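K.L.:
attaching a predicted model along with its sequence, questions to come.
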Amino acid sequence: MSNPKCILVALPATIVRSGDEDEAFKALTATVSPDAGEVARFNIPSFKIGTLDALVLQADELAKVDQQVESAVAKVADVLRNVCVDGRVEEHKTVNDKPIDQYLRNFTWNKIKYRSERSIGELIEALLKEVVSLDNDLKSKYSQYQAAKTNLVALERKQTGNLSTKSLYGIVTKDDFVTDSEYLETLLIAVPNTLEKDWVKSYETLAPMVVPRSSAKLAQDDEFALFTVTLFKKHIPEFVQKARAKKFVPREFTWTDNGSEKAKQEIDSARILERKLWNETLRLAMTGWSDEFMAWIHIKALRVYVESVLRYGLPLEYTSAIIRVQNVKAAQRVKKQLDIYNYLGGNAFGRDKKGNIKNDIPGDLMAGDTAEYSAYVYYEFEIA
């Protein structure tokens with residue numbers, strides 16, 4: 001199922017004879033059939049305009065920044081999906097504590113956060129800086145959460161796995177080990193049940209100085225049996241290597257008197273840390289979504305404004321709207337309906353013999369972004 005799409009459109013007031021911006025918005029609204037999309041005003045303030053060359057450069061910069069911020073917003077959405085195991089992702093995707101639809105339908109420029117008297121270049125820089133900072137903060141926190149979760153899963157696996165992986169406290173006792181010898185050490189070996197006879201026959205010959213008849217079975221599950229074996233410390237590396245070659249599993253384990261309590265404390269601490277970082281990541285992702293999505297829509301507002309000035313000139317008299325559609329087919333239907341304004345493209349758009357609108361831009365000029373050229377200001381975007 002595809003995500004809902006939105007369309008931003010700006011048309012000059014001259015699409016109506018009166019040249020009135022309100023009348024132009026009514027005409028735009030009447031152009032889009034209700035079954036295709038829902039039209040709402042997209043109010044954009046006026047900004048300081050520099051030179052024409054500066055506007056052209058800013059239009060290119062805004063296109064790049066738009067993509068960068070869109071990518072950052074998508075990353076936040078991914079984090080929310082990954083941490084919201086209860087399936088309530090959409091509930092957490094709000095903007096200024098408002099549902100996304102409500103925010104877009106009632107969009108107004110945040111003049112407190114992004115003062116419109118600043119130059120367009122300064123606004124672009126401020127918006128991008130904010131998004132990069134939020135993105136870095138969330139990336140760092142999410143990495144911490146993932147590390148804590150991975151550690152917790154590993155510790156919990158030790159509690160529930162088989163004898164080759166699980167914690168051995170509660171299974172072995174201090175009496176199972178030689179603990180007061182300078183030369184001897186007791187190893188624990190997990191032996192596959194199918195190889196138990198092979199272990200009994202061969203363990204004394206895997207390395208020199210293995211204590212005869214020192215192996216005892218301590219426990220068994222569906223897959224492995226746990227054995228002890230005692231040998232001289234200097235031959236442990238050779239013994240371990242040969243044991244692994246025969247598919248026996250040496251367990252790394254050192255007895256400590258309070259080891260069982262320490263293991264319990266370790267997993268309890270891991271659970272507390274994982275839950276703490278989960279809460280922090282969720283809160284940061286919710287804040288990040290709100291602020292980054294808001295910044296993204298402000299970037300798009302700047303794109304609409306700059307492109308409108310470049311297309312329709314000054315003084316800028318135009319109407320802008322946002323159209324909410326449910327899927328790609330609905331977006332295509334809206335675009336076809338809006339194409340009655342293709343005459344705004346002048347010679348770039350003509351008609352074929354059947355009267356259908358056609359694009360007359362030469363093929364060699366249709367490379368890159370130009371291939372999506374529209375006769376009027378038109379931007380589609382999808383909400384992650």
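P.N.:
Structure received.
K.L.:
what ranges do the helices span in the stretch 101-250 of the chain?
P.N.:
120-160, 196-202, 236-245 (DSSP state H, counting those that start in this stretch).
K.L.:
nearest to Asn96 among these would be which one?
P.N.:
Set against Asn96 and scored by Cβ to Cβ, those come closest in helix 120-160, at 14.6 Å. From N, CA and C alone the C-beta is placed, and that goes for glycine too.
K.L.:
just give me the longest helix of the protein.
P.N.:
Identified as the longest helix of the chain according to DSSP state H is helix 259-312.
K.L.:
now the element after that helix, going C-ward?
P.N.:
strand 318-325 (DSSP states H and E).
K.L.:
return the residues in contact with Ile272.
P.N.:
For Ile272, the contact set (Cβ atoms under 8 Å, 6 or more residues apart in numbering) is empty.
K.L.:
returning to that earlier point: possible to save the helices of the stretch 101-250 of the chain as a markdown table with mean pLDDT and distance to Ala225?
P.N.:
Listed next are the helices of the stretch 101-250 of the chain as a markdown table, based on pLDDT from 0 to 100; distance: least, Cβ to Cβ, whole Å:
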| stretch | mean pLDDT | distance to Ala225 |
| --- | --- | --- |
| helix 120-160 | 94 | 18 |
| helix 196-202 | 96 | 5 |
| helix 236-245 | 97 | 14 |
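K.L.:
quick one: mean pLDDT for the longest helix of the chain?
P.N.:
The pLDDT scores in helix 259-312 average 94.
K.L.:
name the SS class of Phe381, please.
P.N.:
Following DSSP: H, G, I helix; E, B strand; the rest coil, the label given to Phe381 is strand.
K.L.:
count of neighbours near it?
P.N.:
The number of residues packed near Phe381 is 17, by other Cβ atoms under 10 Å.
K.L.:
which residue, other than its chain neighbours, is closest to it?
P.N.:
Among residues not flanking Phe381 along the chain, Cys6 sits closest, at 5.6 Å (Cβ to Cβ, 6 or more residues apart in numbering).
K.L.:
phi, psi for the one you found please.
P.N.:
The phi and psi values for Cys6, taken as degrees, to the nearest 10, are phi -130, psi 150.
K.L.:
again with the one 3 residues further on
P.N.:
Backbone geometry at Val9, expressed as degrees, to the nearest 10, gives phi -130, psi 140.
K.L.:
wait, what's in contact with it?
P.N.:
For Val9, the contact set (Cβ under 8 Å, 6+ apart) comprises Leu28, Ser320, Ala321, Ile322, Ile323, Leu338, Tyr376, Val377, Tyr378.
K.L.:
what is the mean pLDDT for the one helix or strand the first one maps to?
P.N.:
Same thing as Leu28. Using DSSP H and E, Leu28 maps to helix 21-31. Taken as a whole, helix 21-31 has an average pLDDT of 96.
K.L.:
how about that helix: buried residues?
P.N.:
By neighbour count on 16 or more other Cβ atoms under 10 Å, the buried set for helix 21-31 is Glu21, Ala24, Phe25, Ala27, Leu28, Thr29, Thr31.
K.L.:
same check, this time on stretch 145-155
P.N.:
Tyr145, Ala148, Lys149, Asn151, Leu152, Leu155.
K.L.:
now Leu104. Nearest residue, chain neighbours left out?
P.N.:
For Leu104, the closest residue by Cβ to Cβ, 6+ apart turns out to be Ile322, at 5.6 Å.
K.L.:
cool, Ser119 as well?
P.N.:
Excluding its sequence neighbours, the residue lying closest to Ser119 (Cβ to Cβ, 6+ apart) is Lys48, at 5.0 Å.
K.L.:
same check, this time on Arg251
P.N.:
Leu188 (4.3 Å).
K.L.:
right, and the one you found touches Thr254 too?
P.N.:
No: using Cβ atoms under 8 Å, Leu188 makes no contact with Thr254, being 10.0 Å away.
K.L.:
which of these two has more neighbours?
P.N.:
Using other Cβ under 10 Å, the more surrounded residue of Leu188 and Thr254 is Leu188, with 22 against 8.
K.L.:
which residues touch the more buried one?
P.N.:
Contact partners of Leu188, counting by Cβ under 8 Å, 6+ apart, are Leu168, Val172, Leu218, Leu226, Phe227, Thr228, Pro250, Arg251, Phe253.
K.L.:
ok now stretch 136-156, how far from the chain's centre?
P.N.:
14 Å (Cα atoms, centre = their mean, to the nearest Å).
K.L.:
for stretch 293-302, same thing?
P.N.:
So, by Cα atoms, centre = their mean, the centroid of stretch 293-302 is 19 Å from its chain's centroid.
K.L.:
residues making contact with it?
P.N.:
Residues outside stretch 293-302 that contact it (Cβ under 8 Å, 6+ apart): 8, 42, 44, 47, 62, 65-66, 69-70, 72-73, 76, 93, 95-96, 100, 103-104, 107, 109-110, 114, 120, 123-124, 127, 130-131, 379, 381.
K.L.:
now with 6 Å, please.
P.N.:
The contact list for stretch 293-302 (Cβ atoms under 6 Å, 6 or more residues apart in numbering) reads Leu8, Ile44, Leu62, Val65, Asp66, Val69, Val73, Val95, Tyr114, Leu127, Glu130, Val131.
K.L.:
the second one contacts Arg303, doesn't it?
P.N.:
In this case it means Ile44. No: checked against Cβ atoms under 6 Å, the pair Ile44 and Arg303 is beyond contact range at 10.1 Å.
K.L.:
residues in contact with Asn193?
P.N.:
Neighbours of Asn193 in contact, by Cβ under 6 Å, 6+ apart: none.
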